[in-house]
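Enquirer: Pasted the sequence and its predicted model underneath.
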Amino acid sequence: GNSSSHAPHKAVAGRPHQHDVCHDEDDFECDEVAILLPKDQETLVEWEPQNLEEASISEMYRSIKIPTHGNWWTKMSKFIGPGFLVAVGYMDPGNWMTDIAAGSMFDYSLLFVVLMSSVIAMFLQALSLRLGMVTRRDIAQHCRDHYPRWAVTFLWVTAEIAIMACDLAEVIGSAVALKLLFNIPLVWGVLITALDVIVLLVLSGRNMRWIEGIILTLMLTIIACFAVDLWIAKPDGLKIVEGTFWPDFDIITNSSKLYLSVGIMGATIMPHNLYLHSSIVQSRDTPLHVEGMRESLLFATIDSSVSLTLAFFVNAAILILAAATFHRSGHPEVASLDTAYTILADVLGTRAASALFGVALLASGQQSTITGTMAGQIVMEGFITWSLRPEVRRLVTRLAAVLPAAAMVVFSGDDAVNSLLVLSQVVLSFQLPFVIFPLVQFSSDPGLMGEFANSRGTKVLAYLCAVLVVALNVILVVQTFAGDGS
């Protein structure tokens, strides 16, 4: 085709831009697919980073080619991956604590809360991926572009604290799993988990698909472990359906129920995941015209929603397992991972049940550390443009989590672990509004998003979600410090 009619592209370092969206030069005649957006609507072409250094996670930017021809599944398969990386944060060890406590105390009645949290999470992640894909900037970069210096610094610091808190939960989760499975003392466990992620990330180097593969394997491990455990525990199917779809209205009046509900919500919707998602979707080399973008957004949203549905099943499974074993056998007070592990074997009469629980916990901690570290990189580069070498930055992120965890365990003994986990979830809740409000603001702005900006309905819904999440978190914090939830 004749490509002189196109707006000139700015070349991304090391990769000339396609004039249309065809990559298989040898296979097909490259045909002009829909026109590029006119120049005055600076959206798709204009928003390409001037050079690769400006891109979000530059080593992966547009690294995965999207075929322009081929059937629906061929294209869809190229978009599978980022959703799994995001779903990981929805089943990290912090979630386990709240789900176990909820199931052992209140049977199946809080499943509805798990469902609602997952639906809100799907909605917010979809906004995040749209923002990243259309504007080719992640949330952190947008904050830097649009907010005054003090606000950017404040947001950066809170985001880093949230990532440390999150990392803390993951380090502790993995360490507890090592202690349960292999009797490794917690302090050593904490130090071992610091090493694993360095090994992994140095190995994976540049290939996004490789990381996505590891995560998927770990995730399937977790799902398999719980499937077997549930099969042994034989939960009550009718009660599950009832608990999932029929809300329990005494949540408002029962303070410990409310506390756990807010905990579930705070543990489910993770601030760093929104940063992460807006960045990693940019690893796909999406077309630069409206039609192609629309299709890409559809594929990415399917990937995200399916992955988060899997995460919902894992969270529900943890709660159901707790209800079917601990609640049923009269252990309503199970609130720590250790006790859960021990009682599980007693109640179900087999060591295998506990072993599977431990393996799933280890996998959960491992996969969350990988994505948490990626999020750390995105936040640091996005807010303050520090570009440390990936290995160095990952080392810094890890140490920030490992040192406090190790110190706590050394000074206050193994019992400190559960209060640390709960604390990490509260810190995460605090950070949520600071990422949700900018996300809704930017994704609703037609100046940034062109015709992909949120509709009025979506905007209202998004702000409602944001206000709900913030209100619940305020309640949680007040209760945590008033101490009536424990």
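Expert: Looks like it came in fine.
Enquirer: make it CA atoms for all contacts and neighbour counts henceforth
Expert: Noted.
Enquirer: Could you point out the helix or strand that follows the one helix or strand A345 maps to?
Expert: Taking DSSP states H and E as the definition, A345 sits inside helix 337-348. Moving toward the C-terminus from helix 337-348, the next helix or strand (DSSP H and E) is helix 351-384.
Enquirer: So which other helices or strands are in contact with that next one?
Expert: Applying 3 or more C-alpha pairs under 8 Å, 6 or more residues apart in numbering; DSSP states H and E, we find helix 351-384 packed against helix 93-106, helix 139-146, helix 149-182, helix 186-204, helix 208-233, helix 271-280, helix 337-348, helix 390-412.
Enquirer: Try it again at 6 Å.
Expert: When contacts are defined as 3 or more C-alpha pairs under 6 Å, 6 or more residues apart in numbering; DSSP states H and E, helix 351-384 packs onto helix 139-146, helix 149-182, helix 208-233, helix 337-348.
Enquirer: Same question for the second one: list its buried residues.
Expert: Neighbour-count burial for helix 149-182, counted by 16 or more other C-alpha atoms under 10 Å, picks out 152-153, 155-156, 158-181.
Enquirer: can you check the last one too?
Expert: Going by neighbour count (16+ other C-alpha under 10 Å), the buried part of helix 337-348 is L337, D338, A340, Y341, I343, L344, A345, V347, L348.
Enquirer: Go ahead and confirm A267 touches W96.
Expert: No - with contact defined as C-alpha atoms under 6 Å, A267 does not reach W96; the gap is 8.9 Å.
Enquirer: Neighbour count: these two, which is higher?
Expert: Taking other C-alpha atoms under 10 Å, A267 and W96 do not tie; A267 has more neighbours (29 against 25).
Enquirer: Pull the contacting residues for that one.
Expert: Residues counted as contacts of A267 (C-alpha atoms under 6 Å, 6 or more residues apart in numbering) are N95, Q425.
Enquirer: Can you redo the buried residues of helix 337-348 as JSON lines, where the extra columns are distance to D303 and pLDDT?
Expert: Output for these, formatted as JSON lines (distance: C-alpha to C-alpha, whole Å; pLDDT from 0 to 100):
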{"residue": "L337", "distance to D303": "31", "pLDDT": "83"}
{"residue": "D338", "distance to D303": "34", "pLDDT": "83"}
{"residue": "A340", "distance to D303": "33", "pLDDT": "88"}
{"residue": "Y341", "distance to D303": "33", "pLDDT": "88"}
{"residue": "I343", "distance to D303": "37", "pLDDT": "87"}
{"residue": "L344", "distance to D303": "34", "pLDDT": "87"}
{"residue": "A345", "distance to D303": "36", "pLDDT": "85"}
{"residue": "V347", "distance to D303": "38", "pLDDT": "86"}
{"residue": "L348", "distance to D303": "36", "pLDDT": "87"}
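Enquirer: Looking at those residues, spot the one nearest S364.
Expert: S364 lies nearest to L337 out of those, by C-alpha to C-alpha, at 13.0 Å.
Enquirer: Name the nearest residue to the closest one, ignoring sequence neighbours.
Expert: M97 (6.8 Å; C-alpha to C-alpha, 6 or more residues apart in numbering).
Enquirer: On the pLDDT front, check the one you found for me.
Expert: pLDDT, M97: 83.
Enquirer: how close does it sit to S118?
Expert: Distance from M97 to S118, counting by C-alpha to C-alpha, to the nearest Å: 17 Å.
Enquirer: And I192, by the same measure?
Expert: Going from I192 to S118 by C-alpha to C-alpha gives 32 Å.
Enquirer: between those two, who's got more neighbours?
Expert: Legend: neighbour count by other C-alpha under 10 Å for I192 and S118, higher for S118 (24 against 17).
Enquirer: ok, the more buried one - contacts?
Expert: For S118, no residue meets the contact criterion (C-alpha under 6 Å, 6+ apart).
Enquirer: go again using 8 Å as the cut-off
Expert: T268, I269, L308, T309, F312 (C-alpha atoms under 8 Å, 6 or more residues apart in numbering).
Enquirer: which of those residues sit farthest apart?
Expert: Comparing every pair within these by C-alpha to C-alpha identifies I269 and T309 as the most remote, at 13.5 Å.
Enquirer: between the two, which one's more packed in?
Expert: I269 (25 against 16).
Enquirer: Which strand or helix spans the nearest residue in space to that one that is not next to it in sequence?
Expert: Distance criterion C-alpha to C-alpha, 6+ apart; nearest residue to I269, sequence neighbours excluded, is A121 at 5.6 Å. Applying DSSP H and E as the criterion places A121 in helix 111-135.
Enquirer: Just want the angle from that helix to helix 93-106.
Expert: Interaxial angle of helix 111-135 relative to helix 93-106 (axes from the mean of the first three to the mean of the last three C-alpha atoms, to 10 degrees): 160 degrees.
Enquirer: State the mean pLDDT of helix 111-135.
Expert: The model assigns helix 111-135 a mean pLDDT of 93.
Enquirer: show me the residues around the spatially closest residue to A462 that is not a sequence neighbour that make contact.
Expert: Distances taken as C-alpha to C-alpha, 6+ apart place V440 nearest to A462, at 6.4 Å, with adjacent residues excluded. Contact partners of V440, counting by C-alpha under 8 Å, 6+ apart, are L127, K459, A462, Y463.
Enquirer: again with L178
Expert: Counted by C-alpha under 8 Å, 6+ apart, L178 has contacts I184, L186, G189, G358, L362.
Enquirer: Neighbours of the last one, how many?
Expert: The burial count assigned to L362 is 28, neighbours taken as other C-alpha under 10 Å.
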